[in-house]
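Visitor: Sequence and predicted model, in that order:
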Amino acid sequence: MILGILLAVLIILIFLVCGDQGTRSIVSTVMNAAVLLIALFLMTRGAQPILTTLACSVVITAVTLFYQNGVNIKSLAAFISVVAVILVLLPVVWYFADGANAAGFPPENYEITDSEGYTRNIDISMLQLQISIMIIALIGTVIDTAVAIISSIYEIRENNREMPLEELIRSSFRVSRAVLNTSIHTIFYIYIAEYMTLFIQYVSDYSFAAVLNSKSLAHELISIAVSGMGCCLVVPAATVIGALMIRGRESSEGSPSHLLQGHVKK
């Protein structure tokens, strides 16, 4: 009952504040949830987890950017930036997840036993599943950061038509640093708040050495580190790609005053 009321209030607020854009946001969320469910179904039917997750990530990024924000130069630049960062971070995620032995269920959260109806042999690599989880957790923060940065670049260019490319990139980096600071804090507080109860249990029942060596803590620290690295990497990627693509589109059209006219949704 309470969950239904909260969901209804959330949807109403989205409609009132965001209008048509809010409707697109809700629809895109449902579509992304369906994509995730399809990916899970394919994994249970033997699909390779990492390849399935990468394909799922590309589809989610495309839905979020192109359906929700429209097909325009800003969405395209953000899409390229996000995909590039995910591909660059994939080997890094694999290295940390494998080296920290972070795969599998933490004993502090779950007790997987046959008597409780679970099967231990699911015939899926737990390491690849953990890498898939970290990639999916990375998507949201990277998309948000890329969109914020490229939107800022577009607005800077709109109000400074004569600005050279080098100055546009420098100005964009100054804005991007502010966006990055906010994103890093958001990532940290989200993970801390989500596992606050577990941290309190650690402090009460475990020694400091046990806390440092726990799999649950390793999961969260690796996820925070990976998401933070993604935000850091997407800053230069989105700044350079966005500046080059926006400036290049102007050159190809020949007149800055007609840049994306009728196509960009502000």
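Guide: In hand now; what should we look at?
Visitor: For the rest of this, base every contact and every neighbour count on C-alpha atoms.
Guide: Will do.
Visitor: can you map out the helices along the chain?
Guide: Secondary structure of the chain, counting by DSSP state H: helices at 2-18, 20-44, 49-62, 68-69, 73-99, 126-159, 165-194, 196-205, 208-212, 215-253.
Visitor: which outside residues touch the fourth one?
Guide: Applying Cα atoms under 8 Å, 6 or more residues apart in numbering, the contact partners of helix 68-69 are 21, 24-25, 28, 75, 265.
Visitor: Lowest-confidence one in the residues you listed?
Guide: Lowest pLDDT among these: K265, with 42.
Visitor: in terms of contact, does I150 touch A237 like I think?
Guide: No. Counting by Cα atoms under 8 Å, I150 stays clear of A237, with 10.1 Å between them.
Visitor: Look up phi and psi at N72.
Guide: phi -150, psi 180 (degrees, to the nearest 10).
Visitor: V71 too?
Guide: Dihedral pair for V71: phi -90, psi 110, per degrees, to the nearest 10.
Visitor: if I look at it, how far off is V63?
Guide: Distance of V71 to V63, given as Cα to Cα, to the nearest Å: 10 Å.
Visitor: These two: which is more packed in?
Guide: Taking neighbours as other Cα atoms under 10 Å, V71 and V63 compare with V63 leading, 20 against 15.
Visitor: and the spatially closest residue to that one that is not a sequence neighbour, what is it in contact with?
Guide: Nearest-residue entry for V63: S28, 6.3 Å, with adjacent residues in sequence omitted and distances by Cα to Cα, 6 or more residues apart in numbering. For S28, the contact set (Cα under 8 Å, 6+ apart) comprises 63-64, 67-68.
Visitor: run the last query once more with 10 Å
Guide: Taking Cα atoms under 10 Å, 6 or more residues apart in numbering as the criterion, S28 is in contact with 22, 34, 60, 62-68.
Visitor: shaky segments in the protein?
Guide: Along the chain, segments meeting pLDDT under 70 span 100-123, 191, 194-199, 201-206, 208, 210-213, 215, 249-266.
Visitor: hmm, 90 instead?
Guide: 1-33, 40-50, 53, 57, 64-65, 67-75, 88-266 (pLDDT under 90).
Visitor: and the contacts of S28, which two are the farthest apart?
Guide: G22 and A34 (18.6 Å; Cα to Cα).
Visitor: Look at those two and report which has more neighbours.
Guide: Counted by other Cα under 10 Å, G22 and A34 do not tie: G22 has more neighbours, with 18 against 13.
Visitor: Hmm, the more buried one is touching Y67, no?
Guide: No. Assessed by Cα atoms under 10 Å, G22 is found out of contact with Y67, at 11.8 Å.
Visitor: re earlier: tell me which of the contacts of helix 68-69 is nearest to G4?
Guide: The closest of the contacts of helix 68-69 to G4 turns out to be S25 (Cα to Cα; 18.7 Å).
Visitor: Can you report how many residues neighbour the closest residue to the closest one other than its chain neighbours?
Guide: The shortest distance from S25 to any non-neighbouring residue, by Cα to Cα, 6+ apart, is to Q68 (5.9 Å). Residues near Q68, counting by other Cα under 10 Å, number 20.
Visitor: would CSV of the contacts of helix 68-69 with distance to G230 be doable?
Guide: Below are the contacts of helix 68-69 laid out as CSV (distance: Cα to Cα, whole Å):
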residue, distance to G230
Q21, 26
R24, 26
S25, 23
S28, 22
S75, 18
K265, 26
